[in-house]
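**Student:** build the 3D model from these lines:
(one chain, ligands or ions: 1)
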Amino acid sequence: MKKREERRKERREKGGRRFRRRRKTPLELRKFIAERAHEERRRERQKNQERDMPHFKVGKGENEITTSKGKYELVGKLGQGSFGSVFSCIRQSDKQVFAMKCESLNAERPRLPHEANVLLALNLLKSPHFVEMIDNGQIAGRFQFVIIRLVGQNLWDVRLKVKQFTLSTSLMIGIQTLAALRDLHRVGWLHRDIKPPNFCIGRPDEETFHTIFILDFGLCRKIALKGKDIRTPRKECAFRGTTRYASLAAHDSLFRKCCYQQMHTILLYLDSLQYGNIPDYDFIYHQVIAAASVHRVDLEAAPNWDQKAKSCFSLRMDQDMEVQLTTTIVFNVRDTD
Ligand SMILES: Nc1ncnc2c1ncn2[C@@H]1O[C@H](COP(=O)(O)OP(=O)(O)OP(=O)(O)O)[C@@H](O)[C@H]1O
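**Tutor:** Down below sits the predicted model:
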C-alpha cells in the first residue's frame, strides 16, 4: 500500500484533482450487486455449457454417441448458438450424415426438450420446410441432444458468402420463408425468433438445394390449443427473441427504394393485425409476386448460392435491401407474446 503522502505527491505531479467517488445510494448498490451477480451467473453458465459439450476433435477425442436407435460418429462442428453447439455426425449403420444439436443438462432454462417436442409435432405435417428429427438422447450429467436432418448453410452465412442477393433470390427467399411460417402457424406454433441464421438452405448435393428450411424451435410458443381457437393473451410477458430483429418500425426507412410500394403495403397490413387475426398469407404472397412482376424478375431463376447456374438477372439490391427485407421484416408477424 502506498503511503498517503506519496499518493498526494503523485496526484500533484499529474496535476489531477482528487476524484472522490460518490457513494452509491442503497438502491444503486442493490442494482450494482444484482448486475454483477447476473454477469457472474452468465459467465458460469457459459463455462458449464462449454465443459458439458462433446469434446470433439477431428480424429480423436469424444467422437462417438450411442443411443437405443443407433451409433453416431461426430465429424465436424456446424454452428454454435447461445444455448449449445451443433455438430455433424454420421450414422454408423448406413453412413448417412445428420446434424446433432446439443445442450448442456445444466442449462438454467433447458430449451432442447421443448424443441424436440415441437419438431415431433411439426414432422407430422410433412412440410418441405421442416427438418425431420431422427433421434434424441442424453449423456448423463452432461448434455442432451437431438439428431436431425442435415441441411446446408444458414441464410446469414450464405448472404456473407454471395455478398448480395439479387432481387429474384430475395423474393424467392421471401416466398419460401413465408410458406415455412405459414406451415408452422398451421400447426399452432409461433416461432418467436425469426432471423436469417434460423433459416438454412438445402445441401448442394441434394434435390433440396433451392429449398429453405426453418430451424431453432427452442423459443416456439403454442398459440392455438386443441379444440380452441387461440390462447388468451397474457397481460404481461418477458421479451423473447433477438432484439436486432424484433422491431418493424426501425426498419421502415429501409424500404425507400426498390419494392417500396409492395413492402410498404405489407408492413401496413402487418401493423393492422390484431392478436386474434390469422395473417392473410395469400395477400402477402401476392404483394411479393407483384414486386417480382414490377421489376420483371424471374422467380424460377436459380438462387444466388447456386454457383453453377448463375442467375441471369444482375439487378442488384442495395445493401440495406438484403435478406432482412424479405425474410425478416415482411414475415416477422407481430407476436403479442
Ligand atoms: N440441421 C442442421 N443442419 C445444418 N446446420 C445446422 C442445423 N441445425 C443448426 N445448424 C447450424 O447451427 C447454427 C445454430 O443452430 P441453432 O440456431 O439451432 O442453435 P441455437 O443454440 O438455438 O442458436 P440461437 O443462439 O440462435 O438460439 C445454425 O445457424 C446453423 O448454421
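**Student:** taking the chain, what residue is nearest to the ligand?
**Tutor:** Gly81 (1.8 Å; C-beta to the nearest ligand atom). Glycine gets a C-beta too; all of them are placed from N, C-alpha and C.
**Student:** contacts only, for Tyr281.
**Tutor:** Residues counted as contacts of Tyr281 (C-beta atoms under 8 Å, 6 or more residues apart in numbering) are Leu178, Ala179, Arg182.
**Student:** isn't the residue of the chain closest to the ligand up against Leu215?
**Tutor:** No. If you go by C-beta atoms under 8 Å, Gly81 and Leu215 don't touch, sitting 9.7 Å apart.
**Student:** out of these two, which sits in the more crowded spot?
**Tutor:** Between Gly81 and Leu215, counting by other C-beta atoms under 10 Å, Leu215 is the more crowded of the two (25 against 15).
**Student:** tell me how many other residues crowd the closest residue to the more buried one other than its chain neighbours.
**Tutor:** Nearest residue to Leu215, sequence neighbours excluded (C-beta to C-beta, 6 or more residues apart in numbering): Asn198, at 5.2 Å. A total of 25 residues lie near Asn198 under the criterion other C-beta under 10 Å.
**Student:** one more: Arg12?
**Tutor:** For Arg12, the neighbour count with other C-beta under 10 Å is 9.
**Student:** try Ala121
**Tutor:** There are 16 residues near Ala121, going by other C-beta under 10 Å.
**Student:** show the contacting residues for it.
**Tutor:** So Ala121 contacts Val187, Trp189 (C-beta under 8 Å, 6+ apart).
**Student:** re earlier: so how far is Asp183 from the nearest residue to the residue of the chain closest to the ligand once chain neighbours are set aside?
**Tutor:** Ranked by C-beta to C-beta, 6+ apart and with sequence neighbours excluded, the top spatial neighbour of Gly81 is Asp216, at 7.2 Å. According to C-beta to C-beta, to the nearest Å, Asp216 stands 15 Å off from Asp183.
**Student:** and those two? which has more neighbours close in?
**Tutor:** Ranked by neighbour count (other C-beta under 10 Å), Asp216 and Asp183 place Asp216 first, with 22 against 19.
**Student:** about what we covered before: now do the residue nearest to Leu215 against Ile212, distance only.
**Tutor:** The gap separating Asn198 from Ile212 is 11 Å, by C-beta to C-beta.
**Student:** same for the longest strand seen in the chain, what does it pack against?
**Tutor:** The longest strand of the chain (DSSP state E) is strand 71-81. Here strand 71-81 touches strand 64-66, strand 84-91, strand 97-104, going by 3 or more C-beta pairs under 8 Å, 6 or more residues apart in numbering; DSSP states H and E.
**Student:** name the SS class of Arg36, please.
**Tutor:** helix (DSSP: H, G, I helix; E, B strand; the rest coil).
**Student:** who touches Asp94 in this structure?
**Tutor:** Neighbour list for Asp94: empty [criterion: C-beta under 8 Å, 6+ apart].
**Student:** am I right that it sits in a helix?
**Tutor:** No. Under three-state DSSP, Asp94 sits outside any helix and is assigned coil.
**Student:** I'd guessed Pro303 sits against Met172; true?
**Tutor:** Yes. Pro303 is within contact range of Met172, at 5.8 Å (criterion: C-beta under 8 Å).
**Student:** hey, what's in contact with both of those two?
**Tutor:** His210.
**Student:** alright, I will stop here.
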